[in-house]
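K.L.:
Predicted model, plus sequence, below.
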Number of protein chains: 2
Amino acid sequence: MADTTENEFLKTYDANAFPRPSVAVDVALVTIDDDRLQTLLIRRNEHPQRDSWSLPGGFVRLDESLDATAERVLATKAGLTGVYLEQLYTFGEPVRDPRTRVISVAYYALVPPEKLRRVAIGADQCLAAIRVPWAGETGGAVELLAPNERRLKVAFDHGEIVGMVVKRLRGKLAYAPVGYALLPKRFTLLQLQRVHEIINGSTVNKDSFRRRMLASGELEETGAMQEGVGHRPASLYRVSARKNVPHG
Amino acid sequence: MADTTENEFLKTYDANAFPRPSVAVDVALVTIDDDRLQTLLIRRNEHPQRDSWSLPGGFVRLDESLDATAERVLATKAGLTGVYLEQLYTFGEPVRDPRTRVISVAYYALVPPEKLRRVAIGADQCLAAIRVPWAGETGGAVELLAPNERRLKVAFDHGEIVGMVVKRLRGKLAYAPVGYALLPKRFTLLQLQRVHEIINGSTVNKDSFRRRMLASGELEETGAMQEGVGHRPASLYRVSARKNVPHG
DNA sequence: ACCTCTTGTATGCACCAAGCATATATGCAC
DNA sequence: GTGCATATATGCTTGGTGCATACAAGAGGT
């Protein structure tokens, strides 16, 4: 990791006096509700970027792993534990934060809506809808909408971070069982299909999707059915125990 | 990124006195030569992990982006510029380095073998072959072999880092034009096929591969042919200019 | 000149998964 | 019961892939 020169450097200069960047972990807490991707934002009432909205985050403590920091942020800011959590990308432009050099390790977390609905959304918090302007191909920043559909002013590069979350989800969806983390323990095939469609911003063929999912071996019938839905109830499935699939 | 509490924390305590982790960038410089994946390692002649082999790396300077650090590391340790370079993952276990808390942002670089053969391999450097023990499914650490086929003692978690590079390459190969960065500007379809096979650790059907690549629109005929190959020469292709494909 | 070796290039066919259409089943509201 | 909305099953079409076969083209030996 460090070559001779830099090891010498560290020895010569006292490690704690040598100016180092701060390292923060920012977490995009993502769910699907109201047929949209949503993420939790926090209003900044401090300089810099006061009155803009940012992802929940916190600085990494010296004795704490990055994953542990992300879990602590989720527990502190949203009261959530035991959710699907994965590192996304590390953002390190020198000018991200005018106070000091901050390197931000971005994570994303996936939770089913019922679980997120149980957590209290504080006055300085907001569950923002993610509008993806690039349905077709590439990446970039997304737009974040308040519950009243107004577009939010987003702090730092957090719009790009959420954009990269969507891009990553789309990539993983094709080959990894990632959609289940956004669903309750028992769900119908149509619910799973909606998850895929909302993430990808496109529709899929119902029958093919159904066949593909049932053939994947990731699903297991619960035997139970939907109740009180006003039409023919669908079978409820759960993720197969054997497959070690992350789910909500 | 920081909530009120932590902003206050930063103001109360002098920023530079507050102990922060060091942030390093480690780069896996990957090429394909001798029908194997290879990566550049550097022998450590300093504590810790003395006499083991590590990826080239360096600490992030305060005014330097992470990408710039990775480029500097490549230029300093291998004399290479202008290569395909991409961030991989950030490793932040508190116990990685016994000296101090070091958070390492891992990058990987892809270069064609001819380019790497031109750089001088120093006495404390080594182009190690990557042996992937998990041809089938999952990830984990890889084994790194010296030119004499002896297995190298690898420092820190750098074996896992290279393992994650292979995993990432396999993932990207399926949907992204990533193989071209490991080939010279002009190459035959069979060379491209070998790149795919070596990365994936499996063989592919020649005709299907050929059809798929030609149909992808990523390739362009140069009109030129191989020369002096002792058998029927193959057409030389290059990456299509329109496609904005990274290549060596 | 001819043959042989090796690799490149082209064509046809079988197979499988996805898209698509159609038919039938099932629970709820009336 | 009827109507409605959705679930579920079946069959056909299509495109891509695996596979086999045939042919082309250069190098080198005889």
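P.N.:
Thanks, I have it.

K.L.:
Which helix runs longest in chain A?
P.N.:
helix A:158-173 (DSSP state H).

K.L.:
Mind listing residues that contact it?
P.N.:
A:26, A:28, A:30, A:37, A:39, A:41, A:53-55, A:88-89, A:91, A:106, A:108, A:130, A:132, A:139-144, A:178-179, A:196, A:199-200, B:175 (Cβ atoms under 8 Å, 6 or more residues apart in numbering or on different chains). The C-beta positions use only the backbone N, C-alpha and C, and glycine is treated the same way.

K.L.:
Narrow these to just the buried residues.
P.N.:
Taking 16 or more other Cβ atoms under 10 Å in any protein chain shown as the criterion, what is buried in the contacts of helix A:158-173 is A:26, A:28, A:30, A:37, A:39, A:41, A:53-55, A:88-89, A:91, A:106, A:108, A:130, A:132, A:141-144, A:178-179, A:196, A:199-200.

K.L.:
now, which of the residues you listed lie within helices?
P.N.:
Using DSSP H, the buried ones among the contacts of helix A:158-173 in helices are A:196, A:199-200.

K.L.:
between the residues you listed, which is nearest chain B?
P.N.:
Set against chain B, the nearest of these by Cβ to the nearest Cβ is A:Asn200 (13.5 Å).

K.L.:
Setting the sequence-adjacent residues aside, check what's closest to the closest one.
P.N.:
Nearest residue to A:Asn200, sequence neighbours excluded (Cβ to Cβ, 6 or more residues apart in numbering or on different chains): A:Arg170, at 5.7 Å.

K.L.:
For burial, what's the neighbour tally of that neighbour?
P.N.:
17 (other Cβ atoms under 10 Å in any protein chain shown).

K.L.:
Likewise for A:Asn148?
P.N.:
5.

K.L.:
same thing with A:Leu182?
P.N.:
26.

K.L.:
check which helix or strand covers the nearest residue to it once chain neighbours are set aside.
P.N.:
In this structure, A:Leu182 finds its nearest non-sequential neighbour in A:Ile32, 4.9 Å apart by Cβ to Cβ, 6+ apart. Assessed by DSSP states H and E, A:Ile32 sits inside strand A:22-33.

K.L.:
Tell me which other helices or strands that strand touches.
P.N.:
strand A:36-43, strand A:57-59, helix A:66-78, strand A:102-110, helix A:113-117, strand A:125-131, helix A:158-173, helix A:189-200 (3 or more Cβ pairs under 8 Å, 6 or more residues apart in numbering or on different chains; DSSP states H and E).

K.L.:
quick check, stretch A:130-137 touching chain B?
P.N.:
No. Figure legend: stretch A:130-137 not in contact with chain B (Cβ under 8 Å from any Cβ of the partner chain); closest approach 11.8 Å.

K.L.:
what's that stretch in contact with?
P.N.:
A:30, A:36-39, A:140, A:142-145, A:162-163, A:166, A:201-202.

K.L.:
same deal with stretch A:59-71?
P.N.:
Against stretch A:59-71 from outside (Cβ under 8 Å, 6+ apart): A:22-25, A:27, A:58, A:72, A:81, A:85, A:87, A:105, A:107, A:109, B:2, B:6, B:9, B:19-21, B:90, B:92-94, B:101, B:103.

K.L.:
So how do I select the buried members of the residues you listed in ChimeraX?
P.N.:
Here is the ChimeraX selection string for the buried members of these, based on 16+ other Cβ under 10 Å:
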select /A:22,23,24,25,27,58,72,85,87,105,107,109 /B:2,6,20,21,90,92,93,94,101,103
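
K.L.:
List, out of the contacts of stretch A:59-71, those positioned next to DNA strand D.
P.N.:
When contact is defined as Cβ under 7 Å from any atom of the strand, these do not meet DNA strand D at all.

K.L.:
and the longest helix of chain A, average pLDDT?
P.N.:
Averaging pLDDT along helix A:158-173 gives 95.

K.L.:
now do stretch A:25-44
P.N.:
On average, stretch A:25-44 scores 95.

K.L.:
distance between the ends of it?
P.N.:
16 Å (Cα to Cα, to the nearest Å).

K.L.:
What's opposite the residue nearest the centre of chain A in the beta bridge?
P.N.:
Residue closest to the mean C-alpha point of chain A, counted by Cα atoms, centre = their mean, is A:Tyr108 at 3.0 Å. When assigned by DSSP bridges, A:Tyr108 has beta-bridge partners A:Ala28, A:Glu86.

K.L.:
isn't it right up against A:Val83?
P.N.:
No. If you go by Cβ atoms under 8 Å, A:Tyr108 and A:Val83 don't touch, sitting 10.2 Å apart.

K.L.:
Which neighbours do the two have in common?
P.N.:
Counting by Cβ under 8 Å, 6+ apart, the shared contacts of A:Tyr108 and A:Val83 are A:Leu29.

K.L.:
Got the domain ranges for chain A?
P.N.:
For chain A, the structural domains run A:4-173, A:179-243, going by automatic domain parsing.

K.L.:
residues from chain A in reach of DNA strand C?
P.N.:
A:204-205, A:207-209, A:211-212, A:215, A:225, A:227-233.

K.L.:
just the buried members of those?
P.N.:
A:Phe209.

K.L.:
now, which of the residues of chain A next to DNA strand C lie close to DNA strand D?
P.N.:
Among the residues of chain A next to DNA strand C, DNA strand D is touched by A:207, A:231-233 when using Cβ under 7 Å from any atom of the strand.

K.L.:
Please name the spatially closest residue to A:Leu74 (chain neighbours excluded).
P.N.:
A:Leu80 (4.8 Å).
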